[in-house]
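Novice: What shape does this take:
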Amino acid sequence: MPTEAAELVFDEATKVYPGRDGAAVDHLSLTVPSGEICVLVGPSGGGKTTALKLVNRLIPLTSGYIRIDGTQIGDYDVTELRRSIGYVIQQVGLFPHMTVEANIGTVPRLLGWERSRIRERVGELLELVGLDPEQDRRRFPAELSGGQRQRVGLARALAANPALMLMDEPFGAIDPIVRARLQDEFLRLQGELRKTVVFVTHDVDEAIKLGDRIAILREGGRLAQYDTPQRILEHPVDEFVADFVGRDRALKALALRTLGELELVPAGRDGGDGLPRLGADANLRDALALLIAERRDALLVVGADGSPVGVARRRDLIG
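Specialist: Next comes the predicted model:
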């Protein structure tokens, strides 16, 4: 298995269950470039989780191929294949009788890593996911909050530095505030590590926020559209996709651009005194929401140090 981020290719991948009317995954063809996040979304019965299970051979393909960096998954030893893929699932699946350190070190232990190397790796990962390397490594899952358990699950998935990660609704059972924080943390980690990720969710907003590319599956596992979030929001291929992403898709598209990307009006001599302020990294949807709440037509955009960058007008936000 490759050790760096790997390109993943579905080539007419099909899974038909005996006695079922229609396929679970129907001739799925798409490429996930190395180092990108592909989010699978669609209605129940769209084959999202089945597609993940096909990748790690938990269920066999009926026909077609899946390739990792050009090698068919069937050519790998199945144990080697599964140990080389990182998994994060909704219920986390931590071993309750094992400490955080033991949970994170599960795959490295199976791979024969030395104890000192595992301990060092656990410390690195706990720090990476925002937990305390000294205190949290000795705790048990029951002593952690839901958000902390998800962070440990993410650290465990990264433990052996996998080239590919499969994530099945990992933040689905978390309350909205913690979920947003975990999404931000995941994007920060991805910015540093650049893993190839296939991420399943029912939440279109989550898909738009996290995905480099989004695959929308119809019921029966047929691909409806595979493209960047912006292309899907601005150019849905048909009514099914348009309805699925929502009639407010123009508003959702505003979340994909930041104030810093706009051509701003100079702040002027007063430096925008009296105007509401937002950082240049804030997205246009949040900026528009602020203007509506404040009943204003413009806001001051500021840099990381709080200094004025320029003024964004309401008409600039909505084009």
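
Novice: Check the separation of the first and last residues in stretch 53-66.
Specialist: In stretch 53-66, first residue to last residue: 11 Å (C-alpha to C-alpha, to the nearest Å).

Novice: what does that stretch contact?
Specialist: Residues outside stretch 53-66 that contact it (C-beta atoms under 8 Å, 6 or more residues apart in numbering) are 8-16, 23, 25, 27-29, 50, 72-74, 78, 81-82, 85, 87, 164, 166, 198. Just so you know, the C-beta spots here come from the backbone N, C-alpha and C atoms, and that holds for glycine as well.

Novice: Return a ChimeraX selection command for the buried portion of these.
Specialist: In ChimeraX, this line selects whichever of the contacts of stretch 53-66 come out buried by 16 or more other C-beta atoms under 10 Å:
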select :8,9,10,13,14,15,23,25,28,50,73,81,82,85,87,164,166,198
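
Novice: now, which of the contacts of stretch 53-66 lie within helices?
Specialist: The helices, defined by DSSP state H, take in 50, 78, 81-82 from the contacts of stretch 53-66.

Novice: For the stretch 101-250 of the chain, which segments are assigned as helices?
Specialist: For the stretch 101-250 of the chain, the helices defined by DSSP state H, counting those that start in this stretch cover 106-110, 115-128, 146-158, 176-193, 204-210, 229-234, 239-245, 249-253.

Novice: from the chain's centre, how far out does the longest one sit?
Specialist: Translated: helix 176-193. Mean C-alpha position of helix 176-193 versus that of the full chain (C-alpha atoms, centre = their mean, to the nearest Å) differs by 8 Å.

Novice: Show me what the mean pLDDT comes to for that helix.
Specialist: Averaging pLDDT along helix 176-193 yields 88.

Novice: thinking again about what came up before, can you list the ones in helices among the contacts of stretch 53-66 in a markdown table and add pLDDT and distance to V245?
Specialist: Below are these laid out as a markdown table (pLDDT from 0 to 100; distance: C-beta to C-beta, whole Å):
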| residue | pLDDT | distance to V245 |
| --- | --- | --- |
| T50 | 94 | 22 |
| V78 | 94 | 37 |
| L81 | 92 | 34 |
| R82 | 91 | 33 |
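
Novice: Nearest to R222 among those?
Specialist: Nearest to R222, judged by C-beta to C-beta, of those is T50 at 12.6 Å.

Novice: Can you report phi and psi for the nearest residue to the closest one once chain neighbours are set aside?
Specialist: Of all residues not flanking T50 in the chain, A24 sits nearest, at 4.4 Å (C-beta to C-beta, 6 or more residues apart in numbering). A24 adopts backbone torsions of phi -80, psi -40, taken as degrees, to the nearest 10.

Novice: these two touch, right, A24 and Y17?
Specialist: Yes: A24 is within contact range of Y17, at 5.9 Å (criterion: C-beta atoms under 8 Å).

Novice: Neighbour count for these two, which is higher?
Specialist: Per other C-beta atoms under 10 Å, whichever of A24 and Y17 has more neighbours is A24, with 22 against 12.

Novice: Could I get the contacting residues of the more buried one?
Specialist: Contacts here follow C-beta under 8 Å, 6+ apart; on that basis A24 touches 15-17, 47, 50, 220-221.

Novice: let's see 7 Å
Specialist: Applying C-beta atoms under 7 Å, 6 or more residues apart in numbering to A24 gives the contacts 15-17, 47, 50, 221.

Novice: Which pLDDT value goes with it?
Specialist: What the model reports for A24 is a pLDDT of 90.

Novice: Next one: it from K15, what distance?
Specialist: As judged by C-beta to C-beta, to the nearest Å, A24 and K15 stand 5 Å apart.

Novice: Now list whatever residues contact both of these two.
Specialist: T50.

Novice: Thanks again, I'm all set now.
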